[in-house]
Structure formats: C-alpha cells, structure tokens
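In: this is the structure alone, sequence omitted:
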C-alpha cells in the first residue's frame with residue numbers, strides 16, 4: 001500500500017521510538033514522509049494536494065502522526081483519500097491542538113496508544129477512537145549477552161503533574177545506591193540529562209534492573225516494553241491493562257506499591273540472580289513475541305482494513 005506519513009522526523013529526539021515505529025511502516029509498505037525535518041520540507045508548503053504534487057506521490061492512505069506535529073496541514077478535509085490519525089500524549093493541556101486538528105482534517109479513523117486517551121477522546125466527542133498498544137523496535141532494543149555492570153537504571157521525566165511518584169522513586173534509588181554502594185544510573189531526564197538513542201539502549205542492555213513509575217492515569221508506557229526488550233528486569237508500579245498486555249507480577253516483571261516496597265524488591269532481586277534472570281528473560285520473551293514494531297504495524301493495518309476498508313487482507 002502507498003502511504004504518505006505526515007509529521008515531524010523524530011529520529012534525533014529523545015523519544016525516538018516514534019520514528020522507529022514509522023520506519024517499520026516504511027519497511028512493510030511504500031511510504032513517503034513529509035513534515036518538519038523531512039527531505040523537501042518547507043513551512044510554506046502546507047496544502048496536502050500541493051504536498052502530494054511536490055512529492056509526485058499519490059497515496060492510498062494519508063497517515064498523520066500527532067496533531068502537534070501536523071497542525072500546519074491544510075486541505076485535508078477536501079481530499080477523498082482515506083485518512084488515519086494517530087494520537088499520542090492526549091492530555092488536557094493539548095486537547096485543543098488535537099481536537100482542532102481532528103475537526104479540520106476529519107480522519108476516517110483515529111488511533112491512540114493510551115487507554116486514558118481513548119476514554120478522554122470519547123468524552124470530548126471524537127467518534128470511535130481505537131486503542132493501539134505500544135511496541136518497540138526489537139532489532140535495535142535487544143540484549144547483547146554482555147555482563148550487566150549496572151545494578152539499577154532509572155532515567156525518566158519526573159514532572160509532578162504527569163508522574164506524581166517519580167521524584168520519590170529517584171530519591172529512594174539515590175539513597176539506596178549511596179548507602180549500599182550500588183552501581184546505578186539514576187536521575188531525572190528533564191531538561192538536560194537525557195540519554196539519547198544508542199546511549200539509552202546501551203544503558204538498558206547493561207542494567208540488571210530498570211525501575212519505572214507510572215503517570216497520573218496509571219498508563220502502560222514505553223518504559224514497560226523497552227527494558228524488557230533489552231533483557232533488563234522491569235521493576236515497576238502497577239499500570240492499567242498490564243495483564244491484557246501480558247505483564248504479570250513475579251512472572252515477567254516485578255510490581256512494587258510504595259517506596260518501602262521499592263527498596264525491598266530492589267535488594268531482593270539484586271541478591272537473587274537466578275530469580276532476577278528468570279523474570280528478565282520472560283519479559284524479553286513477552287515483548288519480542290508480542291510487542292515488536294513489526295507485529296504492531298501488521299496488527300494496525302489489519303485493524304485499518306477492517307475498520308475503513310483500506311488495504312488487502314492477509
């Protein structure tokens with residue numbers, strides 16, 4: 001299928017997983033990209049018909065990726081090509097941006113990666129949004145079989161309005177690293193201490209345990225999938241839809257509830273190599289067999305075919 005993906009090139013951003021997902025679409029379909037950072041991008045070229053003429057590309061599907069990166073688009077409501085829009089980070093502070101984009105562009109199908117986004121969009125009057133589970137590039141994110149020199153890894157945004165417990169998590173981990181002479185990479189990633197692409201992957205690959213805190217909606221997020229793909233044991237707060245996605249406490253991840261439990265479980269699994277390795281390997285198996293970008297893109301286009309009739313079966 002011929003697809004025009006609209007949105008920013010995110011390959012050099014800290015959340016490069018977005019671009020990896022789009023690149024998997026390009027592996028499975030005939031894709032052109034257009035948006036900020038893409039070849040030929042011009043902020044003065046906003047009309048979708050002009051863009052297609054410029055690219056000399058007549059797609060079977062227009063796929064817009066995040067309204068904040070596509071708000072410059074015009075003329076989408078006038079073309080008769082089927083349109084799918086993917087929403088990510090649908091929070092009250094950007095409802096207006098996403099809603100305005102959807103109102104203007106009138107996609108035939110809207111997808112969201114968080115369950116809370118699906119619920120919020122329904123309340124806002126957006127018709128029939130579909131849930132699309134997170135996935136990761138299991139070619140890039142993979143265990144390399146080397147020794148894991150870092151005991152604990154936790155580098156994440158800790159802005160309190162989105163992640164109310166993460167500052168407390170970092171404080172506990174910093175204390176445990178100092179008081180027990182652990183090897184740790186523990187810090188807030190905003191605004192200047194992010195680990196980018198290869199550095200981030202290598203940190204995961206060489207960490208025994210990766211700690212995660214959930215957001216105010218208790219959502220699954222990438223930090224469930226990425227550590228597991230790299231063979232690091234996931235130590236996390238509980239999130240909604242963990243079990244439907246296959247995440248099970250003491251089977252392929254470890255759940256903690258409260259800061260005292262975090263410290264206890266951290267030390268238990270650092271002291272019990274066999275149990276930690278067993279859980280980490282099960283987590284890696286779960287993600288590689290169920291949550292790779294290759295699998296999710298295939299599932300997404302089957303959903304698109306069934307919902308709006310675009311694409312071939314099988």
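Out: Perfect, thanks for sending it. This structure is a prediction, so every number in the text was calculated from the model and none was measured.
In: list the contacts for residue 281?
Out: Residues near residue 281 by C-beta atoms under 8 Å, 6 or more residues apart in numbering: residue 231. C-beta here means a position set from N, CA and C on the backbone, and glycine is covered the same way.
In: try it again with 10 Å
Out: 143, 228, 231, 233, 252 (C-beta atoms under 10 Å, 6 or more residues apart in numbering).
In: please apply the same query to residue 179.
Out: Listed by C-beta under 10 Å, 6+ apart, the contact set of residue 179 reads residue 263.
In: format the contacts of residue 281 as TSV; extra columns: pLDDT.
Out: Conversion of these to TSV gives the following (pLDDT from 0 to 100):
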residue	pLDDT
143	91
228	97
231	96
233	98
252	98
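In: which one of these is nearest residue 36?
Out: Taking C-beta to C-beta as the measure, residue 228 is the one of the contacts of residue 281 closest to residue 36, at 31.7 Å.
In: before we move on, the earlier item: just the buried residues of the contacts of residue 281.
Out: 143, 228, 231, 233, 252 (16 or more other C-beta atoms under 10 Å).
In: in this structure the first one contacts residue 232, no?
Out: Put plainly, it is residue 143. Yes. If you go by C-beta atoms under 10 Å, residue 143 and residue 232 touch, sitting 8.2 Å apart.
In: just the terminal-to-terminal distance for stretch 66-77.
Out: With C-alpha to C-alpha, to the nearest Å as the measure, stretch 66-77 spans 17 Å from end to end.
In: where does it sit relative to the chain's centre, distance-wise?
Out: 21 Å (C-alpha atoms, centre = their mean, to the nearest Å).
In: what residues sit buried inside that stretch?
Out: Quick answer for stretch 66-77 (16+ other C-beta under 10 Å): 66, 67, 69, 70, 73, 76.
In: with stretch 120-133 instead?
Out: Counting neighbours by 16+ other C-beta under 10 Å, stretch 120-133 gives 120, 121, 126, 129, 132, 133 as buried.
In: does the residue nearest to residue 182 when sequence neighbours are not counted count as helix, strand or coil?
Out: Counting by C-beta to C-beta, 6 or more residues apart in numbering, residue 182 lies nearest to residue 151, which is 4.3 Å off, once chain neighbours are set aside. The three-state assignment at residue 151 reads strand, by DSSP: H, G, I helix; E, B strand; the rest coil.
In: same check, this time on residue 143
Out: Classified using three-state DSSP, residue 143 is coil.
In: residues contacting the nearest residue in space to it that is not next to it in sequence?
Out: In space, and not counting its chain neighbours, residue 143 is closest to residue 231: 3.1 Å by C-beta to C-beta, 6+ apart. Counting by C-beta under 10 Å, 6+ apart, residue 231 makes contact with 141-146, 148, 204-208, 277, 280-281, 283-284, 287-288.
In: quick one: which of these sit in strands?
Out: Among these, DSSP state E puts 207, 208 in strands.
In: quick check on the contacts of residue 231: which are buried?
Out: 141-143, 148, 204-208, 280, 283-284, 287-288.
In: all strands of this protein, in order?
Out: Using DSSP E, strands in the chain cover 2-6, 30-34, 61-65, 83-87, 109-112, 130-131, 150-156, 184-188, 207-212, 233-236, 254-255.
In: closest one to residue 194 among those strands?
Out: Closest approach to residue 194 among these is made by strand 150-156 (7.5 Å; C-beta to C-beta).
In: quick one: the closest one to strand 207-212, angle?
Out: 30 degrees (axes from the mean of the first three to the mean of the last three C-alpha atoms, to 10 degrees).
In: and strand 150-156, which strands flank it?
Out: strand 184-188 (parallel), strand 207-212 (parallel) (DSSP bridges).
In: out of those, which gets the lowest mean score?
Out: Taking the mean pLDDT of each of the strands paired with strand 150-156, the lowest value is held by strand 184-188, a mean of 92.
In: hmm, who's touching that strand?
Out: Residues from elsewhere that reach strand 184-188 (C-beta under 10 Å, 6+ apart): 150-159, 163, 166-167, 169-178, 193-195, 203-204, 206-207, 209-211, 266.
In: ok so, going back, now do the shared contacts for residue 143 and residue 232.
Out: With C-beta under 10 Å, 6+ apart as the test, residue 143 and residue 232 both reach 204, 205, 206, 280, 284.
In: go through those residues and flag which are in helices.
Out: Among these, DSSP state H puts 204, 205, 280, 284 in helices.
In: from residue 38, how far out is the first one?
Out: Plainly put, residue 204 is 28 Å away from residue 38 if you go by C-beta to C-beta, to the nearest Å.
In: swap in the second one?
Out: With distances defined as C-beta to C-beta, the gap from residue 205 to residue 38 amounts to 30 Å.
In: can you check which of the strands paired with strand 150-156 gets nearest to residue 301?
Out: Across those, closest to residue 301 is strand 207-212 (C-beta to C-beta), at 29.3 Å.
In: quick revisit: between the shared contacts of residue 143 and residue 232, which sits nearest residue 308?
Out: Distances from residue 308 to those, taken by C-beta to C-beta, are shortest for residue 284, at 34.8 Å.
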